[in-house]
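In: quick one, structure for this:
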Amino acid sequence: MYRLLRAPLRPVTYSRWLHLCVPLLLLAVWIFINPTWPWAPLLIVIPFGFLPWVRLAEGLQARFLLTPHDRGTPDGSIAVAPSAGWNDRWRTLLWLELRLFVAGPAMFATVALPVMTVELVAITLGQPLTDDSMLPLTPPRWAAALLAPVPLVVLLSVIVVLGEVITVLARRLLGPSAAERLTALEARTENLLERTRIARELHDSIGHALTVAVVQAGAARAAGDPAFTERALCAIEETGRAALEDLERVLLVLRESAQPPSQRPTLVEADRLLESARSAGAAVEARLTGPLEKLPGPVTREGYRILQEALTNVLRHCGPVPVRVRVDMTPERLVLEVTNPLPERPAVTTGGGSGLRGMRERASLLGGEAETGPYDGGWRVRARLPLERIR
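Out: Numbering: from 1, shown residues only. Now for the predicted structure:
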């Protein structure tokens, strides 16, 4: 009852009313051609149901008039695409036939019920009715005055009910098929994965730069040596430039979805990370073996980020301590290991943070694994990334 009272104030009521009346244009044209066979439009629309573009046109009209509140959603309940197969063609044909069936009572109510109201008003005013009156009987004047609004209320109820019916049919018959739903779900999943990857990129690159800058600034203030302060400022400047380059890469991916990921830093540029850690005071002992330039793109890019996050965690939680880095490439896998001693009061715990979780996620996406935790009195990050399935 509340929806019926609210219906005259809702724009969708009138847009659905218009949608219900559109098919009757075909019936009106046909009546001028052959009024003795009014059901011919049901046969006329059959060939049109098999045309791919008809589904597109019907979908656009239905979404615009029946579900205007869904137009802003990329995966609305009514698809806007040509028929992709015979299943879509048969569904379109069934939609055209049912649309004509539903439009019939809607048009009858639209024409007959207002005429009844006019006739009741005429009886109330004392005017005679014609022989082709729509009223089944002629009521007294006082009854006609009371009944005059009733046909309009019935008309509104009919339009609301038939509008709901045609909307349900449109969602069922013009809605996306199972294949289209699967495609939309895959696209949404890819979008979520891309957002997660961008978040990891920002966390690793910007977090590393800020950690190095904080450690350098703290060391320079504690040293009180102008020469050391100069070197620290140079290191902060170099790290900041590198972080800006990484940030520009990520923003370029956001601005241009076609941006290739190959422009992200790789393990070939690992020396930049090692020098950044050394400039922050860490004694880095590094050994990189194998032709790293021949690593598959995903492996070398994710390996760079894992190494970056591992060095960042060392500086953030342990400070400028000795660090040992091992990067070994074999025909089967890439093994990356970063170990460091723990300070007397370690800030590192065995629990996971977003950085440790990010390293494990990066390795898992490539079919590998990453282990983080205490090892031989210190802390170790060890990642194994397979190469055979990536090539």
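In: against Ala232, how distant is Asp225?
Out: 9 Å (C-beta to C-beta, to the nearest Å). Every residue, glycine included, has its C-beta placed from N, CA and C.
In: ok, those two, which is more surrounded?
Out: A count of neighbours by other C-beta atoms under 10 Å puts Ala232 above the other of Asp225 and Ala232, at 24 against 12.
In: which of the three states applies to the more buried one?
Out: Following DSSP: H, G, I helix; E, B strand; the rest coil, Ala232 is assigned to helix.
In: residues contacting it?
Out: Ala232 makes contact with Gln216, Ala217, Ala219, Ala220, Ser279, according to C-beta atoms under 8 Å, 6 or more residues apart in numbering.
In: taking the residues you listed one by one, which sit in helices?
Out: Among those, the residues falling in helices (DSSP state H) are Gln216, Ala217, Ala219, Ala220, Ser279.
In: isn't the fourth one right up against Ala227?
Out: No - under the criterion of C-beta atoms under 8 Å, Ala220 is not in contact with Ala227, lying 10.3 Å apart.
In: more neighbours: which of the two?
Out: Between Ala220 and Ala227, Ala220 has the larger neighbour count (other C-beta under 10 Å), namely 19 against 8.
In: how close does the closest residue to the more buried one other than its chain neighbours get to Cys318?
Out: Excluding the flanking residues, the one nearest Ala220 by C-beta to C-beta, 6 or more residues apart in numbering is Ala232, at 3.9 Å. Separation of Ala232 from Cys318 (C-beta to C-beta) stands at 19 Å.
In: for Leu66, grab phi and psi.
Out: Note on Leu66: its backbone torsions stand at phi -90, psi -40 [degrees, to the nearest 10].
In: just say helix, strand or coil for the closest residue to it other than its chain neighbours.
Out: Nearest residue to Leu66, sequence neighbours excluded (C-beta to C-beta, 6+ apart): Thr167, at 4.7 Å. Following three-state DSSP, Thr167 is assigned to helix.
In: how about Thr167, what does it touch?
Out: Neighbouring residues of Thr167 by C-beta under 8 Å, 6+ apart: Arg16, Leu66, Thr67.
In: out of the residues you listed, which is nearest to Thr117?
Out: Top of the list for closeness to Thr117, among the contacts of Thr167 and by C-beta to C-beta, is Arg16 at 21.3 Å.
In: where's the closest one relative to Asp131, distance?
Out: From Arg16 to Asp131 the distance is 35 Å (C-beta to C-beta).
In: now do Ala62
Out: 41 Å.
In: more neighbours: those two, which one.
Out: A direct count of neighbours by other C-beta under 10 Å for Ala62 and Asp131 places Ala62 higher, at 26 against 4.
In: what does the pLDDT read for the more buried one?
Out: pLDDT for Ala62: 90.
In: just confirm it is within a strand.
Out: No - counting by three-state DSSP, Ala62 is not part of a strand but helix.
In: OK, contacts around it?
Out: Each residue near Ala62 by C-beta under 8 Å, 6+ apart is listed here: His19, Ile78, Ala170, Leu174.
In: what about those, which are in strands?
Out: Among the contacts of Ala62, no residue falls in strands (DSSP state E).
In: with distance to Leu152 added, can I get the residues you listed in TSV?
Out: As requested, those are exported to TSV (distance: C-beta to C-beta, whole Å):
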residue	distance to Leu152
His19	20
Ile78	30
Ala170	26
Leu174	31
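In: from those residues, which has minimum pLDDT?
Out: The pLDDT minimum for these sits at Ile78, where the score is 84.
In: residues touching that one, list them.
Out: Counting by C-beta under 8 Å, 6+ apart, Ile78 makes contact with Gly59, Ala62, Arg63, Leu66, Thr67, Asp70, Ala170, Arg171, Leu174, Gly175.
In: switch the cut-off to 7 Å
Out: Shown in contact with Ile78 (C-beta atoms under 7 Å, 6 or more residues apart in numbering): Gly59, Ala62, Arg63, Thr67, Asp70, Ala170, Arg171, Leu174, Gly175.
In: now it. Nearest residue, chain neighbours left out?
Out: Arg63 (4.5 Å).
In: relative to Pro136, how far out is Gly126?
Out: As judged by C-beta to C-beta, Gly126 and Pro136 stand 20 Å apart.
In: can you get me a residue count around Ala7?
Out: Ala7 has 17 neighbours, counted by other C-beta under 10 Å.
In: distance of it from Val153?
Out: Between Ala7 and Val153 the computed distance is 11 Å (C-beta to C-beta).
In: for Trp17, same thing?
Out: Applying C-beta to C-beta, the value for Trp17 to Val153 is 15 Å.
In: cool, Leu169 as well?
Out: From Leu169 across to Val153, the span is 25 Å (C-beta to C-beta).
In: more neighbours: those two, which one.
Out: Neighbour totals were compared for Leu169 and Val153, and Leu169 leads with 18 against 12 (other C-beta under 10 Å).
In: how about the more buried one, nearest residue that isn't a chain neighbour?
Out: Closest to Leu169 by C-beta to C-beta, 6+ apart is Leu98, at 5.6 Å.
In: host element of the one you found?
Out: Assessed by DSSP states H and E, Leu98 sits inside helix 86-124.
In: related to what we said a few turns ago, give me the buried entries from the contacts of Ile78.
Out: Among those, those scoring as buried are Gly59, Ala62, Arg63, Thr67, Ala170, Arg171, Leu174, Gly175 (criterion: 16 or more other C-beta atoms under 10 Å).
In: now the strands for the chain?
Out: Here the chain has its strands, by DSSP E, at 284-289, 323-329, 333-341, 369-375, 378-386.
In: what comes up buried for the fourth one?
Out: Buried residues in strand 369-375, counted by 16+ other C-beta under 10 Å: Ala370, Thr372.
In: for the third one, same thing?
Out: Within strand 333-341, the residues that qualify as buried by neighbour count (16+ other C-beta under 10 Å) are Arg333, Leu334, Val335, Leu336, Glu337, Val338, Thr339, Asn340.
In: picking up where we left off before, of the contacts of Ala232, closest to Gly377?
Out: Closest approach to Gly377 among these (C-beta to C-beta): Ala219, at 25.0 Å.
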